[in-house]
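S.K.: The sequence and its predicted three-dimensional model are supplied below.
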Amino acid sequence: LQRAPVASRIWGHAVPGAFVTVALLQTLITTNASEHDGSWLLELPPFEAQAAVTLSVSSLEERVDVSVDFGDVFLCSGQSNMWWPRAMTGSDSTDPAPPGLAPIRAYHRTNGWGAPDEQFSAVCWHAALEIAARDNVTVGLLAESHGGTSITCWSAPEDLETCSFHDDEHPSECYNDKIM
C-alpha cells in the first residue's frame with residue numbers, strides 16, 4: 001500500500017448490507033457493505049513506510065488476515081519501451097533483487113502480488129531497484145503497457161488540453177481504459 005502522506009483505499013465484498021470492520025495497527029475503521037451488491041470501499045489514514053503489517057477484515061462471522069507493506073506504489077504504463085521484458089535485456093536484468101534491498105513486488109493479473117518475473121517490464125524493474133535502494137522502502141509495481149500505441153493514448157485529457165494537442169483519433173483511450 002502507498003505510504004504517507006497518501007491515504008490508501010481498500011475494498012472488497014461482503015454480504016449485502018453487512019457491517020465490515022478493518023483493523024490495522026492501532027486503527028479500527030468500519031463501514032457497511034452496499035445493499036445492492038455487497039461491495040465496500042474505505043480509505044485508510046496515511047501510514048509511514050513499514051513492512052509485514054497485519055490487516056484484518058471482518059464481517060459477520062468471517063475474518064481475513066493479510067500481511068501488507070506500506071511503501072511506494074508505481075503504475076508503469078506506456079508504449080513498447082515500457083513493455084520491454086526483463087528477459088530480453090541481459091542476464092543481470094533477470095537476477096533477483098540484491099540481498100538487503102527493500103522488497104520489490106509486482107502485481108500479476110493471474111496470481112496477484114509477487115516477485116517480478118522475467119516477462120515483467122525491464123524499465124519498471126530497474127526504476128524500482130533504484131527507488132528501493134535510495135529510499136529503503138518496499139516498492140509495488142503495476143505494469144500496463146502496449147506496444148504500438150501513441151503517447152496521446154496514455155495521456156490524461158486535461159494534459160492534452162494544456163498542450164493544445166488535438167491530432168489523434170483516440171486521445172486518452174488507454175488512459176481512460178487502463179489507468180483510471
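M.R.: Noted; the coordinates are in hand.

S.K.: what kind of secondary structure is the residue nearest to residue 118 when sequence neighbours are not counted in?
M.R.: Residue nearest to residue 118 in three dimensions, not counting chain neighbours: residue 87, with 3.9 Å by C-beta to C-beta, 6 or more residues apart in numbering. To be clear about C-beta, it is placed using only N, CA and C from the backbone, and glycine gets the same treatment. Following DSSP: H, G, I helix; E, B strand; the rest coil, the label given to residue 87 is helix.

S.K.: Tell me, how many residues neighbour residue 87?
M.R.: Around residue 87 there are 14 other residues, counting by other C-beta atoms under 10 Å.

S.K.: Looking at it now. What's its pLDDT?
M.R.: Model confidence at residue 87, given as pLDDT, is 83.

S.K.: In this structure it contacts residue 116, no?
M.R.: No: taking C-beta atoms under 8 Å as the definition, residue 87 is not a contact partner of residue 116, at 11.1 Å.

S.K.: If you count neighbours, what's buried in the longest helix along the chain?
M.R.: Taking DSSP state H as the criterion, the chain has its longest helix at helix 122-135. Applying a neighbour-count criterion of 16 or more other C-beta atoms under 10 Å, one finds 122-125, 128-129, 131-132 buried in helix 122-135.

S.K.: Can you list the low-confidence ranges for this structure?
M.R.: The chain contains residues with pLDDT under 70 at 79-80, 91-96, 145-147, 149-151, 153-154, 163-180.

S.K.: where along it do the strands fall?
M.R.: 9-13, 19-24, 27-32, 39-43, 50-59, 62-70, 72-78, 104-108, 112-114, 139-145 (DSSP state E).

S.K.: Which one, of these, ends up nearest to residue 157?
M.R.: Closest approach to residue 157 among the strands of the chain is made by strand 72-78 (15.5 Å; C-beta to C-beta).

S.K.: Paired strands for that closest one, with orientation please.
M.R.: With DSSP bridges as the test, strand 72-78 is paired with strand 139-145 (parallel).

S.K.: How many neighbouring residues does the residue nearest to residue 68 when sequence neighbours are not counted have?
M.R.: Leaving aside its chain neighbours, residue 68 sits nearest to residue 55 (4.9 Å; criterion: C-beta to C-beta, 6+ apart). Residues within reach of residue 55, counting by other C-beta under 10 Å, total 18.

S.K.: ok, now residue 33?
M.R.: Neighbours around residue 33, by other C-beta under 10 Å: 21.
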